[in-house]
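Chemist: sequence? don't have it. structure:
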């Protein structure tokens, strides 16, 4: 077939005055079949010939219009041709081009290849630049020639087309893709926008100027298309925030501030909580925790959390990169306090509990940190002062003498720093001064105050390290300077530590006084530091004390003893462990000394060796008692000798007895438990070492915590209850003789009715989690969610469960996404349970858990509270989803059996579009990570469900899951869980009405990747 020059063909048609359909027939005859008209720049050639003169050629223009209507040319090629016209002075030509745009801009679409869709994106960006240049040109023309009706008319025409384009979310989304595809082209838009903005002052028509400003603002908003913009919630209570604060205050006082800030921001973003209400909910939870906390250590911990840690958390929220900035956040805090002032009963109850003006103290702390201005602080303080005049108060003489805990905590915070400096000093020559400081720390509730303040300010780890250093200190104090005859030098490691009957020795050896004093100081330093460390472990967890291996490779004595000998909740000890079996000679000597001395006159080895020998000595004594060799009175004398001077010996003895009792039957426990009771009871003799009264109080508390479980197993009592003395808080909360699944269901229903989780409930849930395991715990709570058929209650369950799952977010998320959801989605017998509203609620909960777990997982290690839990019941995700990427998991093979897809391709450009290719593979995300692997397999399952021919509640669940992912998307949060979604899922998802939206497509795809942009362009262009 004869091929002619395109330009000549157009001229021939014009000369012979062909009609538009004649022209189309002839042009097709003279060009080969299958010719791509866009490739021949057909639209540009027609446009060029039509726009030669001052006015357009109507005949050639009709050819172009016919080509558009008959789809001989693509919309993108027409728009590209229009954007190349720069003769804005020829107004008739410009008007004709605008009319051509009107033919199709209201129904722009593209059903071709991804490259063609990207071409449409670029063409749209180019035509936006062209319209902006036109607006700027006519604005300048008004300045040069003055007001003119014709100029204003053509300016208005350009503005209207620009506004029509930018009013379409679809077109703005396509331009957004083009912006990411070619940043240089977007720079052209920014320059054109700047030029139009500068020229707006030349437009005297106010209405036209306003419309131009609106159109320009729409253009400027394109980069912010994915910013979260939603209606503010009408409710004023957010259970998940409240419960999360309760959890942190109850169980994680020692946690770092930044992870808590990250988690709070995640909750705020996912639920779109207004900042003032968000801050208000934090304060409400703090005051509730203060009011309901048990007296003693728990109350001090909550006080430190509220007055020391939460202000630091708010400071972190203020400086958060994507949070509210500076003055805006300060105003939000001010508004939150204004709301809080209206909750008078809550504030009055807190004031009664703490015996002070709690809000006034908080306002001062926030003001110091720059969270409140001086003026707002003064206004809020004055309002609260007026309210307090009408508040009920317990004005008793006893109350007047009680120092408020908030004031004590605030004063304890700088004291912690001073003590750390004091301990750091060199006390090797004169340790008596250090001993005095430690003694004062033991008096009253000083120790708990200091520890709570240190925990809330992140200094507890340093505090514990200092105690360990002190505990090691007695090892290295030499006895030089004390002259004894050689017959009393029992070896290099022997030292006189305690000698109660010292008068005779003083007469025989005058230099003994100095040695005895040194021995007493050494014993006290060891004992006090040992007691403090045990107390820290029981109050805040062993992770605070344990440290990384020192450079020398030597593990401190206390850390070794803690890991192998100290009973803790959830830890099982072996009483026959080698650590309880030291050298026989040392044990025999210790047993002899304990049994023969009425007042325990000891000449011993170093104290850490004595502590390690004590369990074996106790075993010998227990065996002798059980075999009738020793009487009860003799055993009592031995236990009195053990606890009479150095409390750490008694703690080591009880620690072993607890491990021993756990291994015995009910009938065999009587004598070991009697020995424990004897050791727990204080022994006040005449010749006791300094601070014995204070030390024995802490010793008894430590022993009670150690023994609580073994005594509770048989219903035995450690010692008769003392009037006015509170039992150990949060112990033995689970009902006896009741199935744990029933206890879980009842506790959750109680929480659901209250709509918030209190401290006691969190401890119950943690006990059930430890007892039943992660799968059992998660599965049963998900069943509770699927029971709810009322939407508002289902949402409440989601918020409460999300906070409860924070007990161990990582493992619960792995179980939920890796086991429970696949079971529900692949078994048709369970599909009915996924119907809305519980199905949609489960999707919301799953997304919240996945986002939180993924975010925290990639920003740092899990908290100590989560790390300490046993993992025996957790599936091995590395075997469920094998680490060898060339061997897909069973689930992957089932879902992609028709493909043989390599795990790694040579380069992103070589990757073809296949059913399981996702952004995570292009980013080469580590699939050896269990969470990444579970997410990848879950999205692969979703893809299989969408591509199957059967629809149902399980399909609706997938839609709800993706909707929630899009809803929770943070602007610029590339690399979130949606990166694991196969690219081909996008074309399936846009078939669902709820997701057939441009913004949803932009959110679902990774626009940082060329392939992601092509997928998004193809999906949006086809809408």
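Modeler: It's in. From a predicted model like this one, the values you see are computed outputs, not experimental measurements.
Chemist: residues of the single longest helix found in the chain that come out buried?
Modeler: Counting by DSSP state H, the longest helix found in the chain is helix 114-145. Buried positions in helix 114-145, judged by neighbour count with 16 or more other C-beta atoms under 10 Å: 114, 116-139, 141-142. Every C-beta, even on glycine, is put in place using the N, C-alpha and C of the backbone.
Chemist: Could you do stretch 652-670 as well?
Modeler: Buried positions in stretch 652-670, judged by neighbour count with 16+ other C-beta under 10 Å: 652, 653, 654, 655, 656, 657, 658, 659, 660, 661, 662, 669.
Chemist: Residue 441: helix or strand, and which one exactly?
Modeler: Residue 441 is part of helix 432-442, with elements assigned from DSSP states H and E.
Chemist: Walk me through the domains of the chain.
Modeler: Dividing the chain into domains by the TED database, as the record does, gives the ranges 6-224, 239-391, 560-714, 742-854, 918-1022.
Chemist: With secondary structure, distance to residue 110 and pLDDT as extra columns, can I get the buried residues of stretch 652-670 in JSON lines?
Modeler: Written out in JSON lines, the entries for these read as follows (DSSP: H, G, I helix; E, B strand; the rest coil; distance: C-beta to C-beta, whole Å; pLDDT from 0 to 100):
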{"residue": "652", "secondary structure": "helix", "distance to residue 110": "79", "pLDDT": "90"}
{"residue": "653", "secondary structure": "helix", "distance to residue 110": "82", "pLDDT": "90"}
{"residue": "654", "secondary structure": "helix", "distance to residue 110": "78", "pLDDT": "90"}
{"residue": "655", "secondary structure": "helix", "distance to residue 110": "75", "pLDDT": "90"}
{"residue": "656", "secondary structure": "helix", "distance to residue 110": "78", "pLDDT": "89"}
{"residue": "657", "secondary structure": "helix", "distance to residue 110": "80", "pLDDT": "90"}
{"residue": "658", "secondary structure": "helix", "distance to residue 110": "74", "pLDDT": "89"}
{"residue": "659", "secondary structure": "helix", "distance to residue 110": "74", "pLDDT": "87"}
{"residue": "660", "secondary structure": "helix", "distance to residue 110": "78", "pLDDT": "87"}
{"residue": "661", "secondary structure": "helix", "distance to residue 110": "77", "pLDDT": "86"}
{"residue": "662", "secondary structure": "helix", "distance to residue 110": "72", "pLDDT": "85"}
{"residue": "669", "secondary structure": "coil", "distance to residue 110": "81", "pLDDT": "83"}
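Chemist: Now render those as a markdown table, adding distance to residue 422.
Modeler: Putting the buried residues of stretch 652-670 into a markdown table (distance: C-beta to C-beta, whole Å) gives the following:
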| residue | distance to residue 422 |
| --- | --- |
| 652 | 28 |
| 653 | 32 |
| 654 | 31 |
| 655 | 30 |
| 656 | 34 |
| 657 | 36 |
| 658 | 35 |
| 659 | 36 |
| 660 | 40 |
| 661 | 40 |
| 662 | 40 |
| 669 | 45 |
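Chemist: how near is the residue nearest in space to the middle of the chain to residue 855?
Modeler: Nearest to the geometric centre of the chain sits residue 263, at 3.5 Å (C-alpha atoms, centre = their mean). Applying C-beta to C-beta, to the nearest Å, the value for residue 263 to residue 855 is 8 Å.
Chemist: low-scoring stretches of the stretch 201-350 of the chain, by residue?
Modeler: Counting by pLDDT under 70, the low-confidence segments of the stretch 201-350 of the chain come to 227-234, 236, 322-327.
Chemist: Next up, the contacts around residue 363.
Modeler: Residues counted as contacts of residue 363 (C-beta atoms under 8 Å, 6 or more residues apart in numbering) are 337, 372, 377, 380, 381, 384.
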